[in-house]
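Colleague: I would like to see how this sequence folds:
(chains A and B)
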Amino acid sequence: MTQGAKIWGLHLLILVVVFAAQFVLPSYHMTNLARIMVLAVFAMGYNIAFGYTGLLSLGHALFFAAGFYAMGLPIWHLGWLPLPALIAGLMVGGLLAGAVGLLALRTAGVSFMIVTLMFAQAGYLTLLYLNTWTGGDEGFVVARTARVLGGLDLATDTPRFMAAFALFACAMLVCLWLVRSPLGRVMVAMRENEERSRMLGYDPFRIKLIALIVSGVYAGAAGAAYGMLFGYVGATFATIQYSILPMLYVLLGGAGTVLGPFLGALLMFYLIDITSGYTDAYLFVVGAALVGLVLFAPKGILGTLRERIAPWLP
Amino acid sequence: MTQKLIGLAPSRRAVLKGAGAGLLAAGFAAPVWSQAAPVKLGFQLHRTGIGAAYGRWYERTAQAALKEVNDAGGINGRPVEIVFEDDGTDPKRGSEVVEKLVSQHNCDMIFGPLFSHVVIGSASRAGELKVPYLVCSEGFHVASGMLNRWTMQPGITDVRAQVSSMAPWVLENLGKKVTMVFPDYAFGHDHRDYFTAAVEAGGGQVIAQIAVPPTETSFTRYLPQIPNDTEVLYHVMVGPAVLTFVKELGEFYGTGAKPQIFGFIDSLEAVDTASPGLEFLEGTHFWEGHCRVKQPDASEHEVAYRAAVGVDDNGASVSDAKDVSTYAHMFSVWETLHIIKAGMEASGYQSPADRQKFVEAVEAMSDMPESLAHVQGNKVFNGKTHQVFGHQFISRVEGGKLMKVHTTSIEDGMYPDAVDYTTQSF
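Modeller: You can find the predicted model right below:
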């Protein structure tokens, strides 16, 4: 078996397992898995920017919220149908990432983190300021009638799971293709040594901007899907917490691995879900777990696995 | 010595008799509990996050109400259990908690959340799961028609009614020219819109509206915007910066002339009004949903409720005088649990298959007389809008304590229906 076949086979197997999970999981975990898949798409987008291209952003909540609101607001105010609203969410996420990237990519390192954080905070405050149109901090409900796509009622368990799975599968396969493509290799080159890449004739600004736009499309798609599948749009999802979460998912699962964001989102979701049943200080437990990770597996779970057992893992 | 031991030691026959009698007594004492599965209620609790101060007292109130209900025979002869799940005062987690309470803990229904964004973020999921979701939020979002037929607010009057009912007394007793200071997001905007409308309807005038961004930690640059001819300063700041706001307001006016000051107690819930630095509040007025300090005319039900929850006459915990309660709001938890009991008994609720009957039974409710079930006072429930209306209180700070000076009528807060949920399908 060639390495390519092994890689594609593994990822397709994971997709089959996730798809089959709906037939054995109880209702509670089935809905959780739908949430995790959408959040994993958000984290995959973050991983393209951070894990593969080395862009440590603190502003991805802005791109998630862009998709969230670009889907929700036209439905609320203009009565749009779900499909164009979802497409709008995906596109606005990418457009906003491009616009932010044009400015923020003039900086690097810590400056890039601060500039992206500032943009995200400005976006959050804008949502609060335009309360009349956005619903502000309270947010708004996405009408049940606007959540029927192609005859499927996305407010019911199985269609919601299928929609989340479709998005997740597309996102994962595109990500896998991207990181194995020449463009993906150049993205990694940017992360590893930007100056050497420039010397070889690549334009770092252009490559990083493309990576950020793709990342924004992922975040926007995840935001639009989350609002559509779970029926709520609100400014909480634009707070800095939602810039940190995908970073944690990626760090936990393994930065620069295709499956890492999903694994990280899955583990983090259940870490909070389970520990919150035992202690109020569940975020302390999450923090302790992350400290342990940094100490003993700084490359994340799959990053460590790749280092020690499976160097072929993309 | 030996005789004494023998005399005290029970014989085998006596032991058997005693054990038998004990078993019989135990059997007769709890004949229902041993037969019936408990009614399981889910409580969506703000145990952590920005709502934690409320959550702590909401949990205590729920526990006290649970004990009272169980001591009185439970619901439909069944004992009642409450499963508490922390939502972190976060709408994403809130929705997940609704799912967990229903699908994993198999709760019959859910109640308890306060913060509006959590309620709005969770109500959709409750509607999808077709589970009654009784909120203690005081937001206008229920009566506005934004939510769904499974979501109800039968335990506390909403902010629109609260604000509207304050205006007549404020205009008549404090002044007609009002300046409003409020946080620049949805909660503040509700106050801005509804109080302004009520002031104008009452012949007064809002001469300035000062919106403060939620990120502010100091307010000195906003205070000079208060017009000199302001007769009443209306403030409804919330969050960690509230104490700074009050202190800076005191420094701004100093010992000179100042307007009458009227605020919402939301600013100072769980805060001792006699705290150092808050002397400036002396003589100012506050809205209270339920009087924190035990009033001379407190009803027997109010007194019993206060004792059951463990609140002293000043509104603090009986075990820690510094642990001030969120008294103006937490009665809603007590009353909501009693409405759940009344609704379940009226509908003959036996299992989740009867959830729709329960909603219809609550929708059919109207007058709720003051009683141990409605300790804050009598109320009127509007089954069409799923919203209850009750009396509101205006208190004055006297000697660091909030003393009631006015009780609004229920009619003062009523407004035209914006929705008829009973026409919506389940």
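Colleague: Show me what from the stretch 151-300 of chain A comes close to chain B.
Modeller: A:155-156, A:230-232, A:234-237, A:272-273, A:276-277, A:280, A:282-283 (Cβ under 8 Å from any Cβ of the partner chain). Where you see a C-beta, it was placed from the backbone N, CA and C, and this is true even at glycine.
Colleague: Quick one, which of those residues are buried?
Modeller: In terms of neighbour count (16 or more other Cβ atoms under 10 Å in any protein chain shown), the buried residues within these are A:155, A:230, A:231, A:232, A:234, A:235, A:236, A:237, A:272, A:273, A:276, A:282.
Colleague: Am I right that residue B:230 is in contact with residue B:181?
Modeller: No: with contact defined as Cβ atoms under 8 Å, residue B:230 does not count as touching residue B:181 (10.4 Å).
Colleague: hmm, back to that, determine which two of the residues of the stretch 151-300 of chain A next to chain B are furthest apart.
Modeller: A:156 and A:280 (33.7 Å; Cβ to Cβ).
Colleague: Residue B:209: what secondary structure?
Modeller: Here residue B:209 is recorded as strand under DSSP: H, G, I helix; E, B strand; the rest coil.
Colleague: ok, it to residue B:90 distance?
Modeller: The gap separating residue B:209 from residue B:90 is 30 Å, by Cβ to Cβ, to the nearest Å.
Colleague: Looking at these two, which is more packed in?
Modeller: For residue B:209 versus residue B:90, the count of surrounding residues by other Cβ atoms under 10 Å in any protein chain shown is larger for residue B:90: 24 against 19.
Colleague: so what's the more buried one up against?
Modeller: For residue B:90, the contacting residues are A:236, B:49, B:118, by Cβ atoms under 8 Å, 6 or more residues apart in numbering or on different chains.
Colleague: let's see it at 10 Å
Modeller: A:236-237, A:239, A:241, B:46, B:48-51, B:96-97, B:115, B:117-118, B:121 (Cβ atoms under 10 Å, 6 or more residues apart in numbering or on different chains).
Colleague: Now the buried members of the residues you listed.
Modeller: Among these, the ones that count as buried by 16+ other Cβ under 10 Å are A:236-237, A:239, B:46, B:48-51, B:96-97, B:115, B:117-118, B:121.
Colleague: Taking the centroid of chain A, which residue is nearest it?
Modeller: Closest to where the C-alpha atoms of chain A average out (Cα atoms, centre = their mean) is residue A:42, at 1.0 Å.
Colleague: Name the helix or strand for the closest residue in space to that residue that isn't next to it in sequence, please.
Modeller: With sequence-adjacent residues excluded and distances taken as Cβ to Cβ, 6 or more residues apart in numbering or on different chains, residue A:42 is closest to residue A:222, at 3.7 Å. Secondary structure assignment for residue A:222, by DSSP states H and E: helix A:204-230.
Colleague: and the gap between residue B:232 and chain A?
Modeller: Distance, residue B:232 to chain A, by Cβ to the nearest Cβ, to the nearest Å: 25 Å.
Colleague: hmm, back to that, so what does the residue nearest to the centre of chain A look like in phi/psi?
Modeller: When read as degrees, to the nearest 10, the backbone of residue A:42 gives phi -60, psi -50.
Colleague: likewise the one 4 residues further on?
Modeller: Residue A:46 has phi and psi values of phi -60, psi -40 when expressed as degrees, to the nearest 10.
Colleague: and the nearest residue to it once chain neighbours are set aside, what pLDDT?
Modeller: In this structure, residue A:46 finds its nearest non-sequential neighbour in residue A:246, 3.7 Å apart by Cβ to Cβ, 6+ apart. Listed pLDDT for residue A:246 reads 95.
Colleague: Confirm that residue A:311 sits in a helix.
Modeller: No: going by three-state DSSP, the assignment for residue A:311 is coil, not a helix.
Colleague: same for the helix or strand of chain A with the lowest mean pLDDT, what does it pack against?
Modeller: When the helices and strands of chain A are scored by mean pLDDT, DSSP states H and E, helix A:282-296 comes last with a mean of 87. With contacts taken as 3 or more Cβ pairs under 10 Å, 6 or more residues apart in numbering or on different chains; DSSP states H and E, helix A:282-296 sits against helix A:241-253, helix A:260-275, helix A:300-308.
Colleague: Can you tell me which of the ones you listed is most buried?
Modeller: Highest mean neighbour count of the helices and strands packed on helix A:282-296: helix A:241-253, a mean of 23 (counted as mean count of other Cβ atoms under 10 Å in any protein chain shown).
Colleague: so that helix versus helix A:204-230, what angle?
Modeller: Per axes from the mean of the first three to the mean of the last three Cα atoms, to 10 degrees, the angle that helix A:241-253 makes with helix A:204-230 is 100 degrees.
Colleague: And helix A:241-253, what does it pack against?
Modeller: Contact partners of helix A:241-253 among helices and strands, from 3+ Cβ pairs under 10 Å, 6+ apart: helix A:27-47, helix A:60-73, helix A:110-129, helix A:204-230, helix A:260-275, helix A:282-296, helix A:300-308, helix B:91-99.
Colleague: between the ones you listed, which gets the lowest average pLDDT?
Modeller: The stretch with the lowest average pLDDT out of the helices and strands packed on helix A:241-253 is helix A:282-296, scoring a mean of 87.
Colleague: what distance separates it from the centre of its chain?
Modeller: Centroid separation for helix A:282-296 versus its chain: 21 Å, with Cα atoms, centre = their mean, to the nearest Å.
Colleague: Surely residue A:91 and residue A:220 touch.
Modeller: Yes: contact criterion Cβ atoms under 10 Å: residue A:91 and residue A:220 qualify, at 7.1 Å.
Colleague: Which residues are in contact with each of these two?
Modeller: A:66, A:67, A:70.
Colleague: Just name the closest of the residues you listed to residue A:3, please.
Modeller: Nearest to residue A:3, judged by Cβ to Cβ, of the shared contacts of residue A:91 and residue A:220 is residue A:67 at 34.6 Å.
Colleague: if we can go back for a sec, what about residue A:91 and residue A:220, which has more around it?
Modeller: Between residue A:91 and residue A:220, counted using other Cβ under 10 Å, residue A:220 has the larger neighbour count: 34 against 18.
Colleague: what helix or strand is the residue nearest to the more buried one when sequence neighbours are not counted on?
Modeller: The shortest distance from residue A:220 to any residue other than its chain neighbours is 1.4 Å, reached at residue A:93 (Cβ to Cβ, 6+ apart). In the assignment (DSSP H and E), residue A:93 maps to helix A:82-104.
Colleague: buried residues in that helix?
Modeller: Within helix A:82-104, the residues that qualify as buried are A:82, A:85-97, A:100-101, A:104, counting by 16+ other Cβ under 10 Å.
Colleague: ok now it, how far from the chain's centre?
Modeller: Put simply, helix A:82-104 sits 14 Å off its chain's centre (Cα atoms, centre = their mean).
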